[in-house]
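[1] generate a structure from the sequence data that follows.
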Amino acid sequence: MDLLLNTVQSYDWGSVTALPRLLGTEPSGAPQAELWMGAHPAAPSRVRRDHRTLPLDRVIAADPLAELGAATLRRFGARLPFLLKLLAADAPLSVQVHPDPAQARAGFAREDALGIPTDAPHRTYRDAHHKPEMIVALSRFRGLCGFRAPRECADLLDALAVPALRPYAGSLRALPQEKALAEVFTAFLRPPTGLVASVAQAVEAAAVRTGPHREDFTACATVAHAHPGDPGLLAALMLRRVELAPGEGLFLAAGVPHAYLSGLGVEIMASSDNVLRCGLTSKHVDVAELLEVVRFTATPTRVLIPRGKDGEEVYPAPVDDFRLSRFRLRANGPARRLAPGSPQILLCVDGEAAVTSTAGAVRIGPGRCVYVPAAAEVALSGTGTVFRATVGTPETPRRQLDADTRPTAPH
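    Below is the predicted model of the structure:
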């Protein structure tokens, strides 16, 4: 097993203090948005092997069978199929969606045929993989996820009392669900001159008034303040507001529009960099392709509350690229044996844990993590909280895991 050395990504929406506070380091003064843990080629973690520091993707490529195990190698090829992150948002992220496997393969092949370099700023598909993801809150976490029902959208627009919004509210009430959401969302991403400014002014005024939509308008006012003039504000009005308490999770499937607003969390995803953005960002925006990928349904978003046995609490996800669970360790409690067979990353978020194998023990504190190859059997003990990221099984998407859910915040 290896103590991982990880890269911090300094995106402009990141928090200046949240990750340094967790890691016990001094803030640099720059935003620190994400800590990447895994073997993604854009920022692979590093390990010490044979007195050298090597990128984890190169270590896996050198001996994929030993590092990944036969089952993972057979299903996913010679790559770690998941990427683990610590995410610290102090400002809204982009409104975005992720493709399903077929869309990712087709989009990647299309852009390759056009000769667009994979690292070009205007490239949309940087690999041929889908990117389902899950966020688990470590602090109070706020975001927008999935479409509201059309009538809920219409009620929210009416409450702003902006005359130019009335035709959109009318369409939301008059048309079938999928057509209503598609027509208005598409129009909002290419708005007429002056609409975004009028809505931003109305949202900021509504956020300081009492009323049934005040919290929704407060969330949208945050968006308007962070990205003045951006049509992503109009898209945000159509999305459900979500608030997670520490320990709660949210799974984001392909085609579901979403934007995180603030908070610290553990994020896991299929190892891909395919993000289609339509607003609230300085990065590449591809409205046309996003509209091909987004799913215009208003299925309620469910907040995940993990349950489990033998001290391991699992967050259910209907994909097999990753499996995320949590251990809440107790002093003098029994060591938790973690069977071999799949690669895994063990991340401590509070307290201190010991990861023990026949080769010895590694102690990890908050923000530190250990990579365990598939062949290694380890035991976990200590105090505090440790997240375990590993590979799911082919049965995972069909199996009902033992977990509770609750609805998102009412609207």
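[2] any idea of the mean pLDDT in stretch 286-299?
    Stretch 286-299 carries an average pLDDT of 93.
[3] so how far is it from its chain's centroid?
    18 Å (CA atoms, centre = their mean, to the nearest Å).
[4] need the CA coordinates for it. PDB is fine.
    Only the C-alpha atoms of stretch 286-299 are listed here, as PDB (Å, rounded to 0.1, in the frame of the first residue of the first chain):
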ATOM      1  CA  ASP A 286     -21.100  24.000 -25.700                       C
ATOM      2  CA  VAL A 287     -24.800  24.800 -25.500                       C
ATOM      3  CA  ALA A 288     -25.600  22.800 -28.700                       C
ATOM      4  CA  GLU A 289     -24.000  19.600 -27.400                       C
ATOM      5  CA  LEU A 290     -25.400  20.000 -23.900                       C
ATOM      6  CA  LEU A 291     -28.900  20.200 -25.300                       C
ATOM      7  CA  GLU A 292     -28.300  16.900 -27.000                       C
ATOM      8  CA  VAL A 293     -27.200  15.300 -23.800                       C
ATOM      9  CA  VAL A 294     -29.500  16.800 -21.100                       C
ATOM     10  CA  ARG A 295     -32.600  14.700 -20.100                       C
ATOM     11  CA  PHE A 296     -35.700  16.900 -19.900                       C
ATOM     12  CA  THR A 297     -37.400  15.100 -17.100                       C
ATOM     13  CA  ALA A 298     -38.400  16.300 -13.600                       C
ATOM     14  CA  THR A 299     -37.800  13.100 -11.600                       C
END
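[5] switch to numbering from 5
    Noted, 5 is the first residue going forward, which turns the last one into stretch 290-303.
[6] tell me which residues in that stretch are buried?
    By 16 or more other CB atoms under 10 Å, the buried positions in stretch 290-303 come out as 290, 293, 294, 295, 297, 298, 299, 300, 302. Glycine gets a C-beta too; all of them are placed from N, C-alpha and C.
[7] just name the closest of those residues to residue 331, please.
    Comparing the buried residues of stretch 290-303 against residue 331 with CB to CB places residue 299 closest, at 34.3 Å.
[8] show me where pLDDT drops low in the stretch 5-154 of the chain?
    Applying pLDDT under 70 to the stretch 5-154 of the chain flags no residue at all.
[9] residue ranges of the strands in it, please?
    Taking DSSP state E, counting those that start in this stretch, the strands of the stretch 5-154 of the chain run over residues 6-7, 11-13, 38-41, 50-53, 56-59, 86-93, 99-101, 137-141, 145-151.
[10] helices or strands next to the shortest one in the packing?
    What that stands for is strand 6-7. Counting by 3 or more CB pairs under 8 Å, 6 or more residues apart in numbering; DSSP states H and E, the packing neighbours recorded for strand 6-7 are strand 50-53, strand 373-376.
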